[in-house]
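**Q** Sequence and predicted model, in that order:
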Amino acid sequence: MAQKKQALNIDADLARRLLGEMMLIRRFEEKAAEAYALGKIGGFLHLYIGEEAVGVGATSVLRPDDYAISAYRDHGHCLAKGADPRRAMAELFGRRDGLCKGKGGSMHLFDKTVNFLGGHAIVGAHLPLAAGVAFAIKYQGGDQVIVCYFGDGAVHQGEFHEAMNLSALWKLPVIWICENNRYAMGTSVERALAQPEIWRFGLTYGLPSERVDGMDVLAVREVVSRAVERARREKVPSLIEADTYRFRGHSMRDPAGAIYRTKEEVEREKQRDPIVLFRDRVLEAELLAEADVRALEKDVNDRIDDAVTFADASPEPPVEWLLTDVYKEDAEGV
Amino acid sequence: MAVMTYREALNVALREEMRRDPRVFVIGEEVGLYEGAYKVTQGLLKEFGPQRVVDTPIAESGFTGVGIGAAMVGLRPVVEMMTFNFAMLALDQIVNSAAKMYYMSGGQYNIPIVIRGPGGPAHQLAAQHSQSMEVYFYHVPGLKVVRPSTPMDAKGLLKSAIRDDNPVIFIESETLYAVKGEVPDDPEFIIPLGQAVVRREGTDVTVIAYMGMMYRALEAAEELAKEGISVEIVDPRTLRPMDTETIIGSVRKTHRAVVVEAGAGFAGMGSEISASITECAFDDLDAPIERVTGENAPMPYARNLERAKTPSKEKIVDAVRRVCHAQGS
Ligand SMILES: Cc1ncc(C[n+]2csc(CCOP(=O)(O)OP(=O)(O)O)c2C)c(N)n1
Ligand SMILES: [Mg+2]
């Protein structure tokens, strides 16, 4: 036992934090799915269930003044960065107390108070933005970094390659994290990429690149922490391919994801559930006791129930808001 | 006042704004070492160094996105499109990222960026290098669109665009870079976005035109003056937001309007301007509005075909004659 404790190399507080955050995101997503079924959430809703270890592990090695940016499957990244689940849920509900006043929705969560730079729904387009943020950090002489999460689908796009090249060419403090869940909607990596080992694309551009088990929050933590150090101290970007899997369909409109992948495959992958794996490990290492886990569960459930109640109670945005925030008119630059 | 070319006026505007605000930087293809494909950024690398005058690979979408990302966290980029035709590759970044970020984020992230470069009909550059690009942008809420016709406007409007907190599309013209004119020396001289200007006063008909077409309209007005037709020319300068007040004010005075645009007419700027005149000043009109537009074809290479594609002075003169000789109500 003592040896196992050693092997995990974390303390009880960190174990509680990592497990708690993954559970919070999981619960948030489950409740969002329920609300979607009830018609309280509209549009596209992409759940992060199964992939929690990536966002939580990566964020756990960032400083609060570091940045994160994501695609449309963004709830987990936004919550991990520290956004208030109540305001995130209210945004999904399209309410005035939402993070973006109800104007963004599930795919466009932004929270400036925690340096979460969005929620972008054009596949590949936020990679150049991340490079730009890193450019600005360097320009301003700062030592922050930005973590950019994107799917395997973004690797199909030209902008992925443009962004890899620019970040390497200009030595920008960005950590590229590809969440390879093996599918872009129904298109598997093998059906879309002539060279399907995504991390290798980083080598082409001279970036330190590696693959990590995206279901292992500690492994993600370790790999990202190295990349963050490189970015912070040496302004060297890295590409990390996190091997993960989404347990649900692409969006709520693809509930089972059953046409393009087999049930057996999904069941097999669910055995790699990052929350179950980590929970078992911390229990086994006696970092946390069953009672701690139950307490965490209760806390998470209460917080998300509260988030749903908050979102439900928040009014719709006033109609006058339709025309606000189109242009910023107080002219900061003058 | 100093007399300088349109190109120099832009260069001075960039220099002054870069001196004034360390957050302003220039980024694009060949802007530094090569000093700009059209030399608008001449000397900037020398004065401001490679950190603020950034040469990029040929990756419009990538470096425009870099500009937008930098603007999200406090910088004020000026992105040069070698020519605006290439902005099509960055159209997604401009429309889906820059224009909407402030709105999507509920007012958290505005994008103070200028995207500038030459566009519009040039000299025998053929279909892919010679088109009026403003149409792709002025439709989009969240963008401002500027087309400066004179050296003074080039300076005053570019400075305003750089100080603006929103994405501004600033489309110059290859054919105007060498045009000379008076430009105020005062580094605080600016022309606010969204203000049209009356280029020539007249009483019989209002002609609305910008860039090369504005100069052609001035020539047409000279000729028409000989026939006793007094033409007022309004140059919108900023297409979005459009100063309809000045346009409508002029039409209320002259009771007649001709809108000229270089680009293909279908769903063009002329359609928008004539629609707003009809909506706001229908009762003041003594004749139907005429549009003089480019033909609905890609830009041909051959000199004679190219000439036929873009509105000529003669076409403007004819249109003005028609509206002036139409029976008033
Ligand atoms: C440019 C663009 N093309 C197509 C789409 C439609 N689309 C939305 S998500 C998606 C799949 C993306 O997959 P991936 O990047 O692997 O992310 P995942 O959904 O697996 O998290 C597609 C094709 C889009 N949003 N943007
Ligand atoms: Mg995927």
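**A** Yep, that arrived. Ligands and ions are numbered 1, 2, ... in the order given.

**Q** Next, the buried residues of stretch A:304-322.
**A** By 16 or more other Cβ atoms under 10 Å in any protein chain shown, the buried positions in stretch A:304-322 come out as A:Ile304, A:Ala307, A:Val308, A:Phe310, A:Ala311, A:Ser314, A:Pro317. In this view, the C-beta of every residue, glycine as well, is placed from N, C-alpha and C.

**Q** Repeat that for stretch A:22-30.
**A** A:Met22, A:Met23, A:Leu24, A:Ile25, A:Arg26, A:Arg27, A:Phe28, A:Glu29.

**Q** what ranges do the strands span in chain B?
**A** Remark: strands of chain B, listed N- to C-terminal, are B:2-5, B:24-28, B:53-55, B:76-80, B:114-118, B:144-146, B:168-172, B:180-183, B:197-200, B:205-208, B:231-235, B:238-240, B:257-264, B:290-294; assignment by DSSP state E.

**Q** hang on, the earlier thing: adding distance to A:Asp65, secondary structure and pLDDT, write the buried residues of stretch A:304-322 out as JSON lines.
**A** Rendered in JSON lines, the data for the buried residues of stretch A:304-322 read as follows (distance: Cβ to Cβ, whole Å; DSSP: H, G, I helix; E, B strand; the rest coil; pLDDT from 0 to 100):
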{"residue": "A:Ile304", "distance to A:Asp65": "27", "secondary structure": "helix", "pLDDT": "98"}
{"residue": "A:Ala307", "distance to A:Asp65": "25", "secondary structure": "helix", "pLDDT": "98"}
{"residue": "A:Val308", "distance to A:Asp65": "31", "secondary structure": "helix", "pLDDT": "98"}
{"residue": "A:Phe310", "distance to A:Asp65": "27", "secondary structure": "helix", "pLDDT": "98"}
{"residue": "A:Ala311", "distance to A:Asp65": "28", "secondary structure": "helix", "pLDDT": "98"}
{"residue": "A:Ser314", "distance to A:Asp65": "29", "secondary structure": "coil", "pLDDT": "98"}
{"residue": "A:Pro317", "distance to A:Asp65": "30", "secondary structure": "coil", "pLDDT": "98"}
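
**Q** nearest to ligand 1, of those?
**A** For ligand 1, the nearest member of those is A:Ile304. The distance, counting by Cβ to the nearest ligand atom, is 21.9 Å.

**Q** what sits against B:Lys100?
**A** Contacts for B:Lys100 were tallied using Cβ atoms under 8 Å, 6 or more residues apart in numbering or on different chains; they are B:Gly142.

**Q** Relative to ligand 1, how far out is it?
**A** Here B:Lys100 is placed at a distance of 14 Å from ligand 1 (Cβ to the nearest ligand atom, to the nearest Å).

**Q** what does A:Asn180 give?
**A** When distance is defined by Cβ to the nearest ligand atom, A:Asn180 is 8 Å away from ligand 1.

**Q** Give me the nearest residue to that residue, chain neighbours excluded.
**A** Setting aside the residues directly before and after it, A:Asn180 is nearest to A:Asp152 in space (Cβ to Cβ, 6 or more residues apart in numbering or on different chains), at 4.5 Å.

**Q** A:Cys100 too?
**A** Distance criterion Cβ to Cβ, 6+ apart; nearest residue to A:Cys100, sequence neighbours excluded, is B:Gly106 at 3.4 Å.

**Q** what does the model give the closest residue to ligand 2 within the stretch 151-300 of chain B for pLDDT?
**A** Sorted by distance to ligand 2 under Cβ to the ion, the residues of the stretch 151-300 of chain B start with B:Pro167, at 30.1 Å. Here the pLDDT value assigned to B:Pro167 is 98.

**Q** So A:Asp325 belongs to a strand, correct?
**A** No. Note on A:Asp325: no strand contains this position according to DSSP: H, G, I helix; E, B strand; the rest coil, which reports coil.
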